[in-house]
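Asks: Dropping a prediction and its sequence here:
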Amino acid sequence: MPLQKISEFDADYHNTIEGNDIKGMGVYVQGTDEKIGTVNDAVVDDQGAFRYLIVDIGFWIFGKKVLLPVGKSRIDSTANRVYVVGITREQAENLPEYQEHTTLDYNYEEQVRGGYRTPSVESSAALGSTVGRTTPSSDNYTYAHDADLYDVNAHEDRTFKLYQERLVANKQRRKSGEVAISKHVETETARVAVPVEKERVVIERVTSQDTGKVVSAEATDFGEGEVAHIDLYEEVADIHKEAFLREEVRVQKVVDKETVEGQETIRREELDVNTDGTRIENKTDRG
């Protein structure tokens, strides 16, 4: 069962495998935010099935790389994380170190599996009684002998995350218009009438009852150069312009409030359980 890195098996694996590239993902202890390392590479068999992740556990043991069987990993592509299942720091210290020149043969894999295998009681429960069962060798060993290490579906504790969409309403302030207020001058022709008075001299000759009556020479005073001066006045219209406050305009802004309603179709994930007639128990974790 020759093993090789995924890039050696398929140089174009980035396009043939859906989802994020596993290389570079952080490795965490399951159920915690404790980071223990980073995925350096992946190892597949001759059928292209994932068998190991090469993990740099520098957060636990500086400079050490180990093989992590895929059955001991849980990949969360949403969080871009890989969670390890049931592995302690003591186990990691006892695991054989992986180096670039390491030969991935049966003997090396057995050293790796020895560091991960569960105690014999649990192994017996998983694989059946050891009585009458031969120990596998390099000739007859298959990965099914250690399903707990290589079968990603072997563990019973599976977690499904159900997501739901919701509408989030926010407000943004934007410019809806602009009002420019200024003054300009309009002209018109105004007319005004002003009554004025003007004096003039009126000479009136009147007929007296003494007209034609003879008077004595002594009563007659003929003189020359007698002048009577009469001043004449007239009114002249004085029309001019003056400015006055006609109107005062106050400009201010007021805020009108209204409620804007919107609707969208939102989605919610629900869990579909096909029990095929098997009785199950639903439990709610309040923690």
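Replies: In hand now; what should we look at?

Asks: For V66, which non-adjacent residue is closest in space?
Replies: L95 (4.5 Å; CB to CB, 6 or more residues apart in numbering). C-beta here means a position set from N, CA and C on the backbone, and glycine is covered the same way.

Asks: Distance-wise, check that neighbour relative to H101.
Replies: 17 Å (CB to CB, to the nearest Å).

Asks: So if I had to pick from the two, which one is more boxed in?
Replies: Just comparing L95 and H101: by other CB atoms under 10 Å the higher neighbour count belongs to L95, 21 against 5.

Asks: Confirm for me that that one is in contact with P69.
Replies: No - L95 is beyond contact range of P69, at 10.8 Å (criterion: CB atoms under 8 Å).

Asks: what do the two both touch?
Replies: V112, Y116 (CB atoms under 8 Å, 6 or more residues apart in numbering).

Asks: so where's the chain shaky on pLDDT?
Replies: Residue ranges of the chain with pLDDT under 70: 1, 16, 18-19, 118-135, 153-161, 219-223, 283-287.

Asks: Quick one: the strands in the stretch 51-200 of the chain, in order.
Replies: Along the stretch 51-200 of the chain, counting by DSSP state E, counting those that start in this stretch, strands occupy 65-69, 73-76, 81-84.

Asks: Next, Y13: phi, psi?
Replies: Here is the backbone geometry of Y13 (degrees, to the nearest 10): phi -60, psi -20.

Asks: for F9, same thing?
Replies: phi -70, psi -40.

Asks: what's the neighbour count on it?
Replies: Counted with other CB under 10 Å, F9 comes out at 17.

Asks: For it, give me its contacts.
Replies: Listed by CB under 8 Å, 6+ apart, the contact set of F9 reads V44, G48.

Asks: what do you get for V202?
Replies: So V202 contacts nothing (CB under 8 Å, 6+ apart).

Asks: For T103, see how far away it is.
Replies: V202 is 149 Å from T103, by CB to CB.

Asks: next one: V44
Replies: 16 Å.

Asks: and if you look at G177?
Replies: In terms of CB to CB, G177 sits 76 Å off from T103.

Asks: And for R246?
Replies: 103 Å.

Asks: Show me where the stretch 51-200 of the chain has its helices.
Replies: Using DSSP state H, counting those that start in this stretch, the helices assigned to the stretch 51-200 of the chain run over residues 89-94, 106-116, 120-127, 147-150.

Asks: who wins for proximity to L3 among the ones you listed?
Replies: Nearest to L3 among these is helix 106-116; the distance by CB to CB comes to 7.8 Å.

Asks: Can you report how many residues neighbour I61?
Replies: 17.

Asks: Repeat that for N107.
Replies: Neighbour count of N107, defined by other CB under 10 Å: 9.

Asks: can you check the one 3 residues further on too?
Replies: Close neighbours of E110, defined as other CB under 10 Å, add up to 15.

Asks: swap in the one 5 residues further on?
Replies: Other residues near G115 number 17, with proximity taken as other CB under 10 Å.

Asks: Pull the contacting residues for the nearest residue to it once chain neighbours are set aside.
Replies: Excluding its sequence neighbours, the residue lying closest to G115 (CB to CB, 6+ apart) is L95, at 4.3 Å. Applying CB under 8 Å, 6+ apart, one finds that L95 lies in contact with V66, L67, V112, G115, Y116.

Asks: ok, for R166, nearest residue in space, not its chain neighbours?
Replies: Closest residue to R166 apart from its sequence neighbours, by CB to CB, 6+ apart: I266 at 6.2 Å.

Asks: Contacts only, for G37.
Replies: G26, V27, V55, D56, I57, G58, F59, W60.

Asks: can you give me phi and psi for it?
Replies: phi 170, psi -160.

Asks: separation between it and K65?
Replies: Distance, G37 to K65, by CB to CB: 8 Å.

Asks: which residues do the two both contact?
Replies: V55, D56, I57.

Asks: would a markdown table of these with neighbour count and distance to L167 be doable?
Replies: Shown next, in a markdown table, are those (neighbours: other CB atoms under 10 Å; distance: CB to CB, whole Å):
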| residue | neighbour count | distance to L167 |
| --- | --- | --- |
| V55 | 27 | 41 |
| D56 | 20 | 43 |
| I57 | 23 | 44 |
